[in-house]
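Undergrad: Structure here, sequence nowhere to be found:
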Ligand code: MRU
C-alpha cells in the first residue's frame, strides 16, 4: 500500500485517519476550518511536518469558504502548541495572502518542500550512519508524520532502494502508541525490518549492544539545540548517552525556532487524562486517579550527537552552528 497521509480533492482535505491505524484504513474529510482544527487537535493527523501541511491546506479551504483569513490563522494556530511547523506554515500562507499570491500554489509548495526536505535528511543520515544498521527510534517520525519518507525514517526507505537494510527497533511510545501502531505499520508496509519494544525495554537492549544509533524526529528545536519531541525522548537520550550510543535528531529547517532561546521556553502540550488512564476504551486505573499527561519533553542539547536538517549535519556547539545556518530561516 502506498501511504498517502493527505490530499486535496474537490477542495476538501482528505486525511488518512491515524487514530484508526493499524487496524483500519479510513479517511477523515475536512470541508472547513473547524474540521481542519479538529483533525489536528484530535490527532487524525499528527507529526510536526504533517501538521504544517494540514494547516496550509486548511488556510486555503478557509479562504475559499470566504472566511476572514486572519481569524483563521489565529484559530488554527491554537490547535496544538508544541510543533512549530504549525505556525511556520500559517505564517507562510499569510505572507502569500498579503502579497496577493495564489494560496493553493503556496500550500502545494509547502507540501512539496516537505517531500524534498525529508529526502535530503535521509541522505545525510545514511552518510552519518555509515556501517551502523541497528537503529532505535521513538514515536513516529515517519511517512505518517509527514507526506513522504518521514524524517527519522527517511534513511530506512532510501536505504532500502540502495540495498542498505536497517534493523529498526520502534519504541511503543506510551500513551498514544505511535511507535507500536504507526512506525511498525508503515515500515512493515515497505518490508523494512522492524521490532516493537515497550518503552521500558530501551535500556536493556542498549545494554546488550543491540543498538548502534538512535534517530528521532522533533517538534521544535530551540536556538541552543535543545529539542522538544514526543514524551520519552528525554529518557532515550539519557540512556543512549550512558551507553555511548549516538543520538541523532532529524529536523527540517521548518522545525528550528531561532526565536526561542532554550528548551525550557518551548510550550509543552498537556493532553487529556484518558490517554493515560484507558486503552482501547477500557479503563486501566482507579476511578479519579490523578494523572499527568505532557505530550512532549525537552532533550537538552548536550545529549544530542547531531541535528540533521535538509541543509546538512549540525554538530555542537549548537548555539554557534545553528545561528550560522538558520538565523534567517
Ligand atoms: O503527538 P504527535 O504524534 O504529533 O508527536 C509526534 C512527534 O513527536 C514526532 O516525533 C515529531 O512530530 C516529528 S515528526 C517528523
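TA: Noted; the coordinates are in hand. Remember, it's a predicted structure, so these values are computed and weren't measured experimentally.
Undergrad: which stretches of the stretch 1-150 of the chain form helices?
TA: Along the stretch 1-150 of the chain, the stretches classed as helices by DSSP state H, counting those that start in this stretch are 33-41, 48-64, 69-77, 85-98, 103-129.
Undergrad: What is the neighbour count of the closest residue to residue 33 other than its chain neighbours?
TA: Nearest non-adjacent residue to residue 33, counting by C-beta to C-beta, 6 or more residues apart in numbering: residue 62, 4.2 Å away. Placement of C-beta: from N, CA and C, glycine included. Other residues within reach of residue 62, judged by other C-beta atoms under 10 Å, total 24.
Undergrad: correct me, but residue 62 touches residue 56?
TA: No: here residue 62 lies out of contact with residue 56, judged by C-beta atoms under 8 Å, at a distance of 10.9 Å.
Undergrad: got the buried residues for the helix or strand hosting residue 276?
TA: When elements are assigned from DSSP states H and E, residue 276 belongs to helix 274-277. For helix 274-277, the neighbour count (16 or more other C-beta atoms under 10 Å) marks 275-277 as buried.
Undergrad: Among those residues, find me the one that's closest to residue 185.
TA: Using C-beta to C-beta, residue 275 comes nearest to residue 185 of these, at 19.1 Å.
Undergrad: Can you read off the pLDDT for the closest one?
TA: Per-residue confidence at residue 275 stands at 97 (pLDDT).
Undergrad: Could you pull up the contacting residues of it?
TA: Residue 275 is in contact with 175-176, 293, counting by C-beta atoms under 8 Å, 6 or more residues apart in numbering.
Undergrad: distance of the residue nearest to residue 33 from residue 320?
TA: 40 Å (C-beta to C-beta, to the nearest Å).
Undergrad: who's in contact with residue 106?
TA: Taking C-beta under 8 Å, 6+ apart as the definition, contacts of residue 106 comprise 56, 60, 92-93, 96.
Undergrad: who wins for neighbours among these?
TA: Going by other C-beta under 10 Å, residue 56 tops the contacts of residue 106 with 29 neighbours.
Undergrad: Run a quick check on it versus residue 89, I expect a contact.
TA: Yes: checked against C-beta under 8 Å, the pair residue 56 and residue 89 is within contact range at 4.5 Å.
Undergrad: Now do the shared contacts for those two.
TA: With C-beta under 8 Å, 6+ apart, residue 56 and residue 89 have common neighbours residue 110.
Undergrad: Neighbours of the closest residue to the ligand within the chain, how many?
TA: Here the chain gets closest to the ligand at one residue, residue 217, 2.8 Å apart by C-beta to the nearest ligand atom. Number of residues near residue 217 (other C-beta under 10 Å) recorded here: 31.
Undergrad: Contacts only, for it.
TA: Counted by C-beta under 8 Å, 6+ apart, residue 217 has contacts 47-48, 139-141, 145, 150-152, 229-230, 249-251.
Undergrad: quick one on the thing from earlier: so does the helix holding residue 276 get close to the ligand?
TA: No: counting by C-beta under 6 Å from any ligand atom, no contacts exist between helix 274-277 and the ligand, the nearest distance being 10.1 Å.
Undergrad: who in the protein is up against the ligand?
TA: Going by C-beta under 6 Å from any ligand atom, the residues of the chain near the ligand are 46-49, 83, 139, 141, 145-146, 150-151, 178, 216-219, 229-230, 295.
Undergrad: switch the cut-off to 5 Å
TA: Counting by C-beta under 5 Å from any ligand atom, the chain comes close to the ligand at 46-48, 139, 141, 145, 151, 178, 217, 219, 229-230.
Undergrad: Which of the helices of the stretch 1-150 of the chain has the highest mean neighbour count?
TA: helix 48-64 (a mean of 26; mean count of other C-beta atoms under 10 Å).
Undergrad: For the protein, name the helix or strand with the lowest mean pLDDT.
TA: Taking mean pLDDT, DSSP states H and E as the measure, strand 278-279 is the helix or strand of the chain with the lowest mean score, a mean of 90.
Undergrad: Can you list the strands that it pairs with?
TA: Using DSSP bridges, strand 278-279 pairs in its sheet with strand 282-283 (antiparallel).
Undergrad: what about stretch 62-74, how long is it end to end?
TA: This stretch, stretch 62-74, spans 12 Å end to end (C-alpha to C-alpha, to the nearest Å).
Undergrad: Ok, stretch 188-200 next?
TA: Termini of stretch 188-200 sit 23 Å apart (C-alpha to C-alpha).
Undergrad: Would you mind pulling the contact partners of it?
TA: 1, 3, 156-157, 160, 165-174, 179-180, 183-184, 187, 205, 232, 235.
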